[in-house]
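Chemist: 3D, please:
(4 chains)
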Number of protein chains: 2
Amino acid sequence: MEKLNNIHPGEVLKVEFLEPMGLTAYKLAKAIFIPQNRLSEIIHGKRSITVDTAIRFSKFFGTSPKFWLGLQMDYDLEEKKLEESPDIQEIKAFQE
Amino acid sequence: MEKLNNIHPGEVLKVEFLEPMGLTAYKLAKAIFIPQNRLSEIIHGKRSITVDTAIRFSKFFGTSPKFWLGLQMDYDLEEKKLEESPDIQEIKAFQE
DNA sequence: CAATTACTTATGTTTGACGTAAGTAAACTT
DNA sequence: AAGTTTACTTACGTCAAACATAAGTAATTG
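Modeler: Numbering: from 1, shown residues only, chains lettered A, B, ... in the order given. Sure, this is the predicted structure:
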């Protein structure tokens, strides 16, 4: 069961921010006052970006919180679509 | 401590969708196959719009799931800002 | 008046984000 | 070379919140 290209926010954090900026997860954790395991698990796709995390990232990187929460939202929606339950498919659009 | 105008997605659902469309929460719950209390609590601001709920709403109303999750995101960010913890305020933007 | 509509509240379960802490290892300091 | 700091991961217990089930009350409709 392949995870067809759905990209977790932790991957973006690592590849688009930490690596090009020459930062380690350890340094980032210190800078935004969160435990290291929170970052470690995000980077490995085992934990989601929450409002709290998004705000901390935004302060440090100068992005908007919505950027991070948007990535998470896209990821979650994609994941959900890969296992959409039968009853969801039976929902009929409202008429009139 | 006033909740200065932060509008919960449940309020939008009620005022912008259910009421103008002449729908009850009961009917919507049946139509999208969720328990009534899930809707009841959303409408009263006691529960959040999740990915599952957003997808169900989108199928029924013809909106995008992101519309609903975006409303929830905006609401959550606003709520968080009203009680931003001291350590968040001390985060320094990355330099160089 | 019985069934359906309509809504709320109580209860118990499960999931997932959380922090603490401990473990390993590499890279610097002294 | 020993010790500190950097760096990362994993284990564990807690807590909040979304979840379904179910039961309760009213009002409306057949």
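
Chemist: residue A:61 and residue A:77: what is the separation?
Modeler: For residue A:61, the distance to residue A:77 equals 23 Å [Cβ to Cβ, to the nearest Å]. Any C-beta I mention is one placed from the backbone N, CA and C, and that applies to glycine too.

Chemist: no no, residue A:62
Modeler: 26 Å.

Chemist: and what of residue A:16?
Modeler: From residue A:16 over to residue A:77 the distance is 20 Å, taken as Cβ to Cβ.

Chemist: hmm, back to that, settle it for me: which of residue A:62 and residue A:77 has more neighbours?
Modeler: A count of neighbours by other Cβ atoms under 10 Å in any protein chain shown puts residue A:77 above the other of residue A:62 and residue A:77, at 18 against 9.

Chemist: which positions in chain A make contact with chain B?
Modeler: A:21, A:23, A:31-33, A:51-52, A:54-56, A:59-62, A:65-66, A:69-70, A:73, A:76-77, A:80, A:84, A:87-88, A:90-94 (Cβ under 8 Å from any Cβ of the partner chain).

Chemist: what ranges does chain A have for its helices?
Modeler: Along chain A, the stretches classed as helices by DSSP state H are A:9-12, A:19-21, A:25-31, A:36-43, A:51-61, A:65-81, A:86-89.

Chemist: and the fourth one, what other elements does it pack with?
Modeler: Pointing back at helix A:36-43 there. Counting contacts by 3 or more Cβ pairs under 8 Å, 6 or more residues apart in numbering or on different chains; DSSP states H and E, helix A:36-43 is packed against helix A:9-12, helix A:25-31.

Chemist: could you dump those to CSV with mean neighbour count?
Modeler: Below are the helices and strands packed on helix A:36-43 laid out as CSV (neighbours: other Cβ atoms under 10 Å in any protein chain shown):
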stretch, mean neighbour count
helix A:9-12, 21
helix A:25-31, 16
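
Chemist: out of those, flag the one nearest DNA strand C.
Modeler: Nearest to DNA strand C among the helices and strands packed on helix A:36-43 is helix A:25-31 (9.5 Å), distances taken as Cβ to the nearest atom of the strand.

Chemist: any idea how far the closest one is from the chain center?
Modeler: Per Cα atoms, centre = their mean, to the nearest Å, the displacement of helix A:25-31 from the mean C-alpha position of its chain is 17 Å.
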